[in-house]
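Enquirer: give me the fold of what follows.
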Amino acid sequence: MLASLFFVSAVFAQHMNSGPHDAPQMGTAINIAVSTHDESDGDEFFADAERNERRGDLNEALTLFGKAAFEYNSDKKFSRYGAALLRMSNVHLLLSHYTEAEQVVLNAVLRTYSRIGSRSGQMAAYNQLGKIYFAANKLTQSLWFYTQQGILAQQLKNNTAYIDSVLGIATIKIKKKEYQLATKDLNRAEALAKNARITQFSQQIRSSRSIISEKTNTKR
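Expert: Model (predicted):
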């Protein structure tokens, strides 16, 4: 844990100390210079982190995602840097470290994706914050970030991300016992998925409906 926090601090400090000359050019093409560091280091740390996460060694995964982020930032691979930090945040979330998970996204991920002009990266960060605040029972904040995710998803014409945001909002409404509103969101998500021929949310929609059915039948 201490090691992972060290790497977060180191990565964030390096990110904040980068001058204008380090920033990639904005526009339709992002020109990112590569340093003389071993290009495989970040990828190796990232792959090791994923293996540790899969086998449940979350503290080691946290450390390795931090090392991967550090290497990616050193190599000015800012998109991969943001991705590694998002995975770090998610491991913190799995460990119920809500403050740490939140701060990684707010203080580094969003700034990085904004800096390189990655709207899809910002959308992923909004989704992560929606999950974090939901887990921490901060439903107003969670709703706001899922809504922002949905707005960006519509702008980017990303049907999968938009459906994901609608389902996140439905989950919040279930938690708030707004079952009729949640059902409308689930119906909407199902229709959108059917039209777009997206099947990955079928189980989630069924599970949410089952919860609503259970809760409403209990009240009778």
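
Enquirer: which stretches in the protein count as helices?
Expert: 2-17, 40-54, 58-74, 78-94, 98-104, 110-115, 119-135, 139-155, 159-175, 179-196, 202-219 (DSSP state H).

Enquirer: tell me where the chain is predicted with low confidence.
Expert: The model of the chain has pLDDT under 70 over residues 1-39, 218-220.

Enquirer: still on that earlier bit, using TSV, lay out the helices of the chain together with mean neighbour count.
Expert: Glycine gets a C-beta too; all of them are placed from N, C-alpha and C. Shown next, in TSV, are those (neighbours: other C-beta atoms under 10 Å):
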stretch	mean neighbour count
helix 2-17	16
helix 40-54	17
helix 58-74	25
helix 78-94	24
helix 98-104	20
helix 110-115	19
helix 119-135	22
helix 139-155	18
helix 159-175	21
helix 179-196	16
helix 202-219	13
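
Enquirer: can you tell me how far the spatially most central residue of the chain sits from residue 104?
Expert: Centroid check for the chain by C-alpha atoms, centre = their mean gives residue 128 as the closest residue, at 3.2 Å. Counting by C-beta to C-beta, to the nearest Å, the gap from residue 128 to residue 104 is 9 Å.

Enquirer: list residues touching both of these two?
Expert: Residues within reach of residue 128 and of residue 104 at once, by C-beta atoms under 8 Å, 6 or more residues apart in numbering, are 86, 89.

Enquirer: who touches the residue nearest to the centre of the chain in this structure?
Expert: Counting by C-beta under 8 Å, 6+ apart, residue 128 makes contact with 86, 89, 90, 93, 101, 105, 109.

Enquirer: most widely separated two among these?
Expert: 93 and 109 (13.0 Å; C-beta to C-beta).

Enquirer: sorry, back to before: so which of the contacts of residue 128 comes closest to residue 179?
Expert: residue 93 (26.1 Å).

Enquirer: pretty sure that closest one is touching residue 101, no?
Expert: Yes: with contacts counted by C-beta atoms under 8 Å, residue 93 reaches residue 101, the gap being 4.4 Å.

Enquirer: which residues do these two both contact?
Expert: Residues touching both residue 93 and residue 101 (C-beta under 8 Å, 6+ apart): 128, 132.
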